[in-house]
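Trainee: got a structure for you, letters missing:
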């Protein structure tokens, strides 16, 4: 079985060679500590923890899963020890502000470490992962007093956080939610309701769990505009931030799921539990989006992490397993050649590589925007970063989660029958990956967010900064072999958008009918841009006659870029047609059951 | 949770309205008993057994799986009782020849019952399913004496059969296999070797298990041309066909798999076990193809069965689950509408329906060819049927198994978060479905079989009968709204084939590089033909003003045909490009691990 190795070379390629993180980090105060040496040391340390501690317990986490008994959840063997080591080494505080007890390094750097850890163990990494979103949400919206009370322990990792949105009758449509919050004389609230699908909702890793909860105040208007946001801790917390008595928050059960068995997906029951309002009354949804957007980028990262993990194993297997003779026979005496000599096996490996590394490139580009939005001293830079993030978050989350299913499925396929057997672990990647297109908003919801909420409601303006960026790249690099295709692709994207805008004015259902295919079109196009960039850099690097191993690395970039443009991007030809087919191809479903 | 209902209405549509099975059955002696009344009674009886007995034990089969202890395998609760009822009701003998103790009904009819049963319980149906292939193989190749000894009990279902091909080091490439057969003085052989991935290899359902085994004789030439075919029973059998002493055949372990947990996937060790040669020496592979081809069609059927099962649940859920308001609001007071009002949900349901019902149409067309190949009194009809089956088996197996992963994934997606939870059973369909593109030859192998072995090695002749058939249909029905598209599609198929033939002469790897995409192109095109046919029939039926429920049924056919042509078939635009991209887009994989 393959041993996970953090893809440090490819990370460095995107960070240093393509996106120039050195200059990026030097451009804002919180980034200045992140010198190349420091960054490398941190990533290597993250890699070591991932390879030595997290990867070895991933399979057992899947086999044994979480256990629920009388409201308590036991995580799989090794999870608690790994978590203790993780917080002892300060991973949770890495990119938290110094004034809150953090190490003050950039958010992006924390994200890269999270990617390394998620690739080794998706389920485990969700425990600290959700805390990140909880911390950001509290930091952005809670009072100074609540921040002081809750943040230090969360940042240390002594406590963890969750997001409590879904109820049994409302998932995508949060306007239907019923959980209630009654104001108390002391300024707190009594929260009652039952939440489901709460990832990391209950576990034995931390001394307290801080739930970020959506509920309605008594005078709330109906629907999505009557929802407020609360902190509800598992254990109450004293003013000085110490754990006090148990709150009325209990885990009613955990779900038996297809994958991510190592993470407890909980029913959490709030029975007049003490909570604290952190949004303006009835305006909780927009505050929750701090958490939701952070989580969506996290899911995009999990998707590329699963592709990476699946690809590493598949590549190793394809080089090892012999079956059939290839046409080029290095050893004329061999009975069979490694299956990687067969073009169809390469097709699957290139597909994984194109999505995994292209997804990483996209993720790192967005990491720059996250840093800028958070730290930049220039208002226009902050605004541009925010605009790009707003547009690209649904693309990254929606598209990468869809293609990671294809890529991890190819991971199984490369293994043939062995891919279907648990012991080889390829099927775990496929099962774990399957959640990414569901949680934090299904792909359908991402499509509506992108096309309806972001692009069409701005009359296409939301698309402009990115279009400008890519067309600028094409103009700047006319020698790039993909500049022409990319330019055409961007024009098509704009044309499709304009057409859909016109159609949607006549029938708003046109948005819903096109949203999924439009999202996929956008994703394939965005990844084409990342591959054109990577090819440009790799091509220049090859001209400098690097070592053989380095030359192999860059050549593989060029080969994958070509593969992407010639065999993957053409999928948008089909999407153009289905986008244009319109809502009349999706009529009322008249088939009797 | 949804209760499976056999899709008898749609089966009737294909059998009676599209393909005229009444005339078909009347056209050969073994079909004359299969009058419409008899057929309906048999299908209803098959449906009742599937709904009442098999479907209820499918979930438990997944949860509990098979247990292995000291070489013995225990199937999940209820499996043995269901099997006893199955054989008591004569299901295994339905389409077996009367002279061998069967009921003499057509093979196709047995196949339709198998489809109904596999939809209710894929894992369980593999036990009797494999026996069918074993019986055919023995009937086609064994001596009269061996037939008399082994077939009666197999046909009764008292014994079951397996196919033993794969060894640890050889899966797709059977030329590498090492199992040995030593001739004995009594005319039998001592078989030694270890086989893996043997479905139904050991279990507690039958009194004996008859393994059909590939092994090498002492004087065998190396590679695929040195393999012979044997019967190796678990228990030896007396001349009169009764169970005697245990043979040296033992189950070494069972695999822990991603899905089909109810079927035991075994390591079977042969240790000088007594066996009987049933192929000419060294010519076992061509005999084994009797079994392999039957199994491949069985897998195509499992794929459409999984789509059907997933779609039934998803459709029911989509009509039941309310979330968001639709634009057309039947109840203006409701807080939300059933999610089936949203076009994107319909897109997923239509995709399932298009593949599931289109797959059924293809499967039934091929069932006619199977009957003709086996029973027709006209040699030219037999030859034509054989030619069509030879061409279409890899398409049906390869294409349907690929799209069934997409379709069952949509089943999960329609359920949102609930789709990922075991209790709703959608994720089981997805896991069970995943095996179909692997066993009985991966999709890559099907692609090579189609493009290389069948089409190019015949210089395109293998494609001709089908092209003629479809072009004939287009010419005969110029009023069909899809006739023009279909005609163009067939021309493209022929053009691509010719181009690939030219390229393959220069570089044989071009076949391997194009095979997967070519197979998918072929599958989408073949399904377009089935949808054009179905639309034609539905359109004519609607003109006759049927009842409302019937009109809904036919309207759904028209809607799905339109959906297929406008939103699914355009995928071939992308495939054309990637097929033409050629082997140079799949160069040596230079990326270091």
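Mentor: Perfect, thanks for sending it. Keep in mind that this is a model prediction, so the values were computed, not measured.
Trainee: after the helix or strand residue A:43 falls within, next one along is what?
Mentor: Using DSSP states H and E, residue A:43 sits in helix A:36-49. Downstream of helix A:36-49, the next assigned helix or strand under DSSP H and E is helix A:58-64.
Trainee: Which elements pack onto that following helix?
Mentor: With contacts defined as 3 or more Cβ pairs under 8 Å, 6 or more residues apart in numbering or on different chains; DSSP states H and E, the packing partners of helix A:58-64 are helix A:122-141, helix A:426-433. C-betas here are computed from N, CA, C, even on glycine.
Trainee: Does the helix holding residue A:43 reach chain B?
Mentor: No. Helix A:36-49 lies apart from chain B when judged by Cβ under 8 Å from any Cβ of the partner chain; the minimum separation is 14.7 Å.
Trainee: ranking the helices and strands packed on helix A:58-64 by burial, who's on top?
Mentor: Ranked by average neighbour count under the criterion mean count of other Cβ atoms under 10 Å in any protein chain shown, the helices and strands packed on helix A:58-64 are headed by helix A:426-433 at a mean of 28.
Trainee: ok so, going back, which other helices and strands does the helix holding residue A:43 contact?
Mentor: Against helix A:36-49 (3+ Cβ pairs under 8 Å, 6+ apart) you get helix A:8-12, helix A:21-26, helix A:107-120.
Trainee: Point out the one among those helices that comes closest to residue A:377.
Mentor: helix A:21-26 (12.8 Å; Cβ to Cβ).
Trainee: in the closest one, what's buried?
Mentor: A:21, A:24-25 (16 or more other Cβ atoms under 10 Å in any protein chain shown).
Trainee: a markdown table please, covering those residues and showing distance to chain B and pLDDT.
Mentor: Output for these, formatted as a markdown table (distance: Cβ to the nearest Cβ, whole Å; pLDDT from 0 to 100):
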| residue | distance to chain B | pLDDT |
| --- | --- | --- |
| A:21 | 22 | 98 |
| A:24 | 26 | 98 |
| A:25 | 27 | 98 |
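Trainee: hang on, residue A:203 packs against residue A:126?
Mentor: No. Using Cβ atoms under 8 Å, residue A:203 makes no contact with residue A:126, being 10.1 Å away.
Trainee: Common neighbours of these two, please.
Mentor: Residues touching both residue A:203 and residue A:126 (Cβ atoms under 8 Å, 6 or more residues apart in numbering or on different chains): none.
Trainee: Spit out the contact partners of residue A:40.
Mentor: Taking Cβ under 8 Å, 6+ apart as the criterion, residue A:40 is in contact with residue A:12.
Trainee: Contact residues of the stretch 251-400 of chain A facing chain B?
Mentor: Of all the residues in the stretch 251-400 of chain A, those lying near chain B are A:255-259, A:312, A:315-316, A:318-319, A:322-324, A:327, A:335-336, A:340, A:342-347, A:349-350, A:353, going by Cβ under 8 Å from any Cβ.
Trainee: Could I have the buried ones of these as PyMOL selection syntax?
Mentor: Buried subset of these, written as a PyMOL selection, criterion 16+ other Cβ under 10 Å:
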select buried, chain A and resi 255+257+258+259+312+315+316+318+322+323+324+335+336+340+342+343+344+345+346+347+349+350+353
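Trainee: Could you list which of the residues of the stretch 251-400 of chain A next to chain B belong to strands?
Mentor: Assigned to strands by DSSP state E, none of those qualify.
Trainee: Among the residues of the stretch 251-400 of chain A next to chain B, which ones are in helices?
Mentor: Here DSSP state H is the test, and those give A:312, A:315-316, A:318-319, A:343-347, A:349-350, A:353 as lying in helices.
Trainee: Where do the helices of the stretch 151-300 of chain A begin and end?
Mentor: A:284-320 (DSSP state H, counting those that start in this stretch).
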